[in-house]
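Student: predicted structure and sequence below. I'll ask about it afterward.
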Amino acid sequence: MRRARMGAALGLLGALAMPPARAEDTPVGQAPDWLAPHIGEGAGQIAPPVLARARALYRRKVAEGVAHNPCYFAMDATRPNTEEDGEPGRRFYMICEAARTFQAMPAGHGAGRRLEGLADFANGRECARHFGNAQDSELTAGGAYVTAETKASFKGYYQAAPGQDVPLLRPFVQFEGEGETANARQRAIGGHAAVTLKGLCRRPDRRSPYADADGYVIQGTLVDYTGGRSNGCTSWSPADAAVIGAAVKDAPTTLYIYPEAADIAAVAHGEAGAYWNAACLHTIGSPVYWPQAALAPLIAQYRRDHPPPPPRPLPLCAAR
């Protein structure tokens, strides 16, 4: 297995087009001393290249007057989705240097898709092999982001206790990107809690503010998919999502997601010192980046070949 070389000095990283991560770019030494125990490739640690990129992005956006937050975020999407002890893999990081706090938490990677007869860029649950920035690809795109507005969307009602139906209002933190991630808003890429409703049906409730024109509301079963895959967004546990949402409210900050396209190419070509989590590299063999220019025509062709069926109303809920 190829392993990353740990370096000793933080170099200046390019503002918009950051080069492939090398050990010499990613020094532990210039990071604050209190962060040192959190830097590495062990469980709950952040790899030096990822920290270097995240710190550089945050400093740049603070200098530009864009980031107004004492904390910043990073994600290492090369790490596995599950720890050795079976718990969800902690690969999303919230770092608050002024307060000297470091939190590592689970986050889902993009599931990708399988376009029969055209392309297969579906990711397994454990390790992500495919990355890209194409619309409707459901892939994670690495690079620079800034948090924007947060909005809550109604997903439906679920039964929290016998006889107690409550609405699921899932907050969504919109991300703004640049360079490879510039189409983040167009792709509706952001962060949210890893919860959804399954087994949807509709029931009458004209008193509900969420009732449709016919007086029906959506009802479903609450599913927590923390540690699962996403549709390209960053998904967190409900508890972590609440912490992150509160942290970015009216205080935009940065998120750096590793790897970028250049990093993927470097690892795929076996360049010395290119960083990838060793366990996942052993699992996937070689990563692949799908740029929008190459993938968008295939997705469009698949859509033409497989038009969606006409919309149908949800079934009525069974009597309870």
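Tutor: Right, received. Where do you want to start? All values reported here derive from a predicted model rather than from experimental measurement.
Student: which elements pack onto the helix ranked longest in the chain?
Tutor: Using DSSP state H, we find that the single longest helix of the chain is helix 48-63. Applying 3 or more CB pairs under 8 Å, 6 or more residues apart in numbering; DSSP states H and E, we find helix 48-63 packed against strand 72-76, strand 90-96, strand 254-258. In this view, the C-beta of every residue, glycine as well, is placed from N, C-alpha and C.
Student: now that helix: mean pLDDT?
Tutor: Across helix 48-63, the average pLDDT comes to 97.
Student: and what of stretch 253-265?
Tutor: Mean per-residue pLDDT for stretch 253-265: 98.
Student: with stretch 225-243 instead?
Tutor: 93.
Student: ends of it, what's the gap?
Tutor: 18 Å (CA to CA, to the nearest Å).
Student: same check, this time on stretch 129-149
Tutor: Start-to-end, stretch 129-149 (CA to CA) is 30 Å.
Student: out of the helices and strands packed on helix 48-63, nearest to Ala246?
Tutor: strand 90-96 (11.2 Å; CB to CB).
Student: would you mark the buried spots in that closest one?
Tutor: Buried positions in strand 90-96, judged by neighbour count with 16 or more other CB atoms under 10 Å: Arg90, Arg91, Phe92, Tyr93, Met94, Ile95.
Student: between those, which is closest to Ala272?
Tutor: Arg91 (24.3 Å).
Student: list the contacts of the nearest residue to the closest one once chain neighbours are set aside.
Tutor: The shortest distance from Arg91 to any non-neighbouring residue, by CB to CB, 6 or more residues apart in numbering, is to Arg79 (4.1 Å). Shown in contact with Arg79 (CB atoms under 8 Å, 6 or more residues apart in numbering): Gly89, Arg91, Asn277, Cys280.
Student: what would the residues you listed look like in TSV with distance to Ile264?
Tutor: Formatted as TSV, the contacts of Arg79 follow (distance: CB to CB, whole Å):
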residue	distance to Ile264
Gly89	19
Arg91	17
Asn277	13
Cys280	12
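Student: want to throw those residues into a markdown table with pLDDT and distance to Ala141?
Tutor: Below are the contacts of Arg79 laid out as a markdown table (pLDDT from 0 to 100; distance: CB to CB, whole Å):
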| residue | pLDDT | distance to Ala141 |
| --- | --- | --- |
| Gly89 | 92 | 19 |
| Arg91 | 97 | 16 |
| Asn277 | 97 | 18 |
| Cys280 | 97 | 18 |
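Student: which one of these sits closest to Cys201?
Tutor: For the contacts of Arg79, the nearest to Cys201 is Gly89 (34.0 Å; CB to CB).
Student: contacts only, for the closest one.
Tutor: By CB under 8 Å, 6+ apart, the neighbours of Gly89 are Arg79, Pro80, Asn81, Thr82, Glu83, Pro106, Gly227.
Student: filter those residues to the buried ones?
Tutor: Judged by 16+ other CB under 10 Å, buried ones among the contacts of Gly89: Arg79, Pro80, Asn81, Glu83, Pro106, Gly227.
Student: next step: these restricted to strands.
Tutor: With DSSP state E as the criterion, strands contain Pro106 from among those.
Student: out of the buried ones among the contacts of Gly89, who's nearest Cys127?
Tutor: Taking the buried ones among the contacts of Gly89 together and measuring to Cys127 by CB to CB, the closest member is Pro80, at 5.5 Å.
Student: state the distance from that closest one to Met105.
Tutor: 15 Å (CB to CB, to the nearest Å).
Student: one step back: would you format the buried residues of strand 90-96 as a markdown table with distance to Glu176 included?
Tutor: Output for the buried residues of strand 90-96, formatted as a markdown table (distance: CB to CB, whole Å):
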| residue | distance to Glu176 |
| --- | --- |
| Arg90 | 25 |
| Arg91 | 22 |
| Phe92 | 18 |
| Tyr93 | 20 |
| Met94 | 19 |
| Ile95 | 20 |
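Student: count of residues packed around Gly86?
Tutor: 7 (other CB atoms under 10 Å).
Student: for the remainder of this discussion, apply numbering that starts at 190.
Tutor: Got it, the first residue is 190 from now on, which makes the last one we talked about Gly275.
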